[in-house]
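Student: Show me how the following folds:
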Amino acid sequence: MLRNPPAHHPAASDRTALVAGATGIAGAALVDLLSRQGWTVLALSRKGMPSSGAPGTAAESRSGIIPLAADLTSPDSLAAALENVHPTHVFFTSWSRQETEAENIAVNSAMVRNLLTALTHAPVEHVALMTGLKHYMGPFEAYGEGPMPDTPFSEDEPRLPVDNFYYAQEDELMAAVARQGFAWSVHRAHTVIGHAVGNAMNMGQTLAAQAALCRELGLPFVFPGSETQWNSVTDMTDAGLLAEHMLWAATDGKTANEAFNVVNGDVFRWRSLWPRLAAWFGVEPEGFDTVPRPLEQQMADTSEVWEKLAARYGLAEPDLGRLASWWHTDADLGRNIEVLTDMSKSRLAGFTGYRRTEDAFTELFARLQAERLIPEMKGAGRVGK
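Tutor: Numbering: from 1, shown residues only. The predicted structure is shown next:
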């Protein structure tokens, strides 16, 4: 039977959060937010957190963070790692990309099931699951191919009649609720802007790497996507805002047992934002022209160029593949459908967080430069200053 949300929440110092996917784009932002607010944070990732002081780690000189290493696909690995921990709140932000949606379903639903099964001994009060807008559009291999709700997407839309690993993850969450009796929330984010080296879906770092390579090679900064995405109104999600949203839903008793969309709160068109991002880097923008020009083609064979650039500027990451995910940005910007999200449910429930998407990008770019993940570029940073 589902446990009622407690009438009185203990202080943050009395709570322990387990963040699954702690080194990812959303998980790292959660680790940072929770630790700053005085929580004890169990930072779970496959290889453990980077050593303290490494560039870009949320755990830099931060107390209250306990790194844990475990493989979410292995029940035995999780059982060993979590045997002696007792989180009150769980934040699941991890995923593993597979070749087909059937494999995505099998692997990613098992990761949710394995983690929550390994915590049957723990006093878990709330589990927050991060998913995304593919809940409304369908999976990567079937974007918009079946029936799709009108925009802006709202949480009361029924599931699409297609296989989708987000649905399978939600089903595993509900099965664990029935067994273990905790409250839950689901957070459906649009493309997330944030800092996470090695992340498989990271448009902000991808565009920064593209711009740096364009500067290096004397090329224009070419929009890779579709005419629809170039001209349509759209939105995105800042990783810090997503962290705030997940923490809000996990600790406000009025929000228990609900699914929420989460985006920045502003809307924009790429045809307006693209030239401003180009100006920040001091590169020449070039918009949509006749057909999409995917980054996987534009940036093919640039790994060696990046290695040389990294050596010349003393960059912290010479492996371009750990910064840029061309395929993911191509998939997002190549969609021939409008993607826009309704935040009314969160607003009416009391969430007031807001980010301007342009600021989310430029603040990330400045951080990447400060941490020597992209080179300092003469004339960069003019926009938004």
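
Student: So, low pLDDT: which residues of the stretch 201-350 of the chain?
Tutor: Scanning the stretch 201-350 of the chain for pLDDT under 70 picks out no residues.

Student: Let me see the ranges of the strands in it.
Tutor: With DSSP state E, counting those that start in this stretch as the definition, the stretch 201-350 of the chain shows strands at residue ranges 221-222, 233-234, 237-238, 258-262, 268-269, 285-286.

Student: just so I know, which of these lies nearest His121?
Tutor: Closest of the strands of the stretch 201-350 of the chain to His121 is strand 258-262, at 26.7 Å (criterion: CB to CB). Backbone N, C-alpha and C define where each C-beta goes, glycine included.

Student: Name the residues of the closest one that are buried.
Tutor: For strand 258-262, the neighbour count (16 or more other CB atoms under 10 Å) marks 259-262 as buried.

Student: Let's have the strands of the stretch 201-350 of the chain in CSV, adding distance to Arg312.
Tutor: Below are the strands of the stretch 201-350 of the chain laid out as CSV (distance: least, CB to CB, whole Å):
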stretch, distance to Arg312
strand 221-222, 21
strand 233-234, 36
strand 237-238, 31
strand 258-262, 40
strand 268-269, 34
strand 285-286, 25
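
Student: which one of those lies closest to Ile374?
Tutor: Using CB to CB, the strands of the stretch 201-350 of the chain put strand 221-222 closest to Ile374, at 13.5 Å.

Student: Could you spell out the sheet neighbours of the closest one, each with its direction?
Tutor: Sheet pairing of strand 221-222 (DSSP bridges) gives strand 285-286 (parallel).

Student: hang on, the earlier thing: select, out of the strands of the stretch 201-350 of the chain, the one closest to Gln169.
Tutor: strand 258-262 (11.7 Å).

Student: so what secondary structure elements neighbour the closest one?
Tutor: Identification of packing neighbours for strand 258-262 by 3 or more CB pairs under 8 Å, 6 or more residues apart in numbering; DSSP states H and E yields strand 183-189, helix 239-251, helix 344-349.

Student: can the ones you listed go into a markdown table with extra columns for distance to Arg372 and mean neighbour count?
Tutor: As requested, the helices and strands packed on strand 258-262 are exported to a markdown table (distance: least, CB to CB, whole Å; neighbours: other CB atoms under 10 Å):
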| stretch | distance to Arg372 | mean neighbour count |
| --- | --- | --- |
| strand 183-189 | 28 | 23 |
| helix 239-251 | 20 | 24 |
| helix 344-349 | 36 | 14 |
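
Student: Can you check which of these gets nearest to Val291?
Tutor: The nearest among the helices and strands packed on strand 258-262, by CB to CB, is strand 183-189 at 29.0 Å.

Student: Dump the helices and strands packed on strand 258-262 into TSV; add distance to Trp39 as well.
Tutor: Listed next are the helices and strands packed on strand 258-262 as TSV, based on distance: least, CB to CB, whole Å:
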stretch	distance to Trp39
strand 183-189	17
helix 239-251	9
helix 344-349	22
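
Student: To Val197, which of these lies closest?
Tutor: Ranking those by their distance to Val197 (criterion: CB to CB) puts helix 239-251 first, at 13.3 Å.

Student: Give me the contact list for that closest one.
Tutor: For helix 239-251, contacts defined as CB atoms under 8 Å, 6 or more residues apart in numbering pick out 9, 25-26, 28-30, 32-34, 37, 89, 91, 126, 128, 130, 185, 187, 189, 192-196, 255, 258, 260, 262, 264, 346, 350-351, 353-355, 360.

Student: Just these: which are in helices?
Tutor: 25-26, 28-30, 32-34, 346, 360 (DSSP state H).

Student: Ranking by neighbours, what's the top pick from the residues you listed?
Tutor: Counting neighbours by other CB atoms under 10 Å, Leu30 leads the ones in helices among the contacts of helix 239-251 with 30 neighbours.

Student: where in the stretch 51-200 of the chain is pLDDT low?
Tutor: 51-62, 143-146.

Student: hang on, the earlier thing: with Ser232 as the reference, name the closest of the helices and strands packed on strand 258-262.
Tutor: Across these, closest to Ser232 is strand 183-189 (CB to CB), at 18.5 Å.

Student: Please name every helix or strand in contact with that closest one.
Tutor: If you count contacts as 3+ CB pairs under 8 Å, 6+ apart, strand 183-189 packs onto strand 126-132, helix 165-180, helix 239-251, strand 258-262.

Student: where's it relative to the chain centroid, distance-wise?
Tutor: 13 Å (CA atoms, centre = their mean, to the nearest Å).

Student: Could I get the CA-only coordinates of that strand as PDB?
Tutor: Written as PDB, here are the backbone C-alpha positions of strand 183-189 (Å, rounded to 0.1, in the frame of the first residue of the first chain):
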ATOM      1  CA  ALA A 183       6.000   8.000  -3.200                       C
ATOM      2  CA  TRP A 184       7.200   8.800  -6.700                       C
ATOM      3  CA  SER A 185       7.500  11.500  -9.400                       C
ATOM      4  CA  VAL A 186       8.400  11.400 -13.100                       C
ATOM      5  CA  HIS A 187      10.100  14.300 -14.700                       C
ATOM      6  CA  ARG A 188       9.800  14.600 -18.500                       C
ATOM      7  CA  ALA A 189      12.500  17.000 -19.700                       C
END
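
Student: hmm, who's touching that strand?
Tutor: Strand 183-189 has contacts (CB under 8 Å, 6+ apart) with 2-3, 5, 26, 125-133, 135-136, 153, 155, 170, 173-174, 177, 237, 242, 245-246, 249-250, 255-263, 341.

Student: Among the residues you listed, name the buried ones.
Tutor: In the contacts of strand 183-189, burial by neighbour count holds for 5, 26, 125-133, 135-136, 153, 155, 170, 173, 177, 237, 242, 245-246, 249-250, 255-256, 259-263, 341, counting by 16+ other CB under 10 Å.
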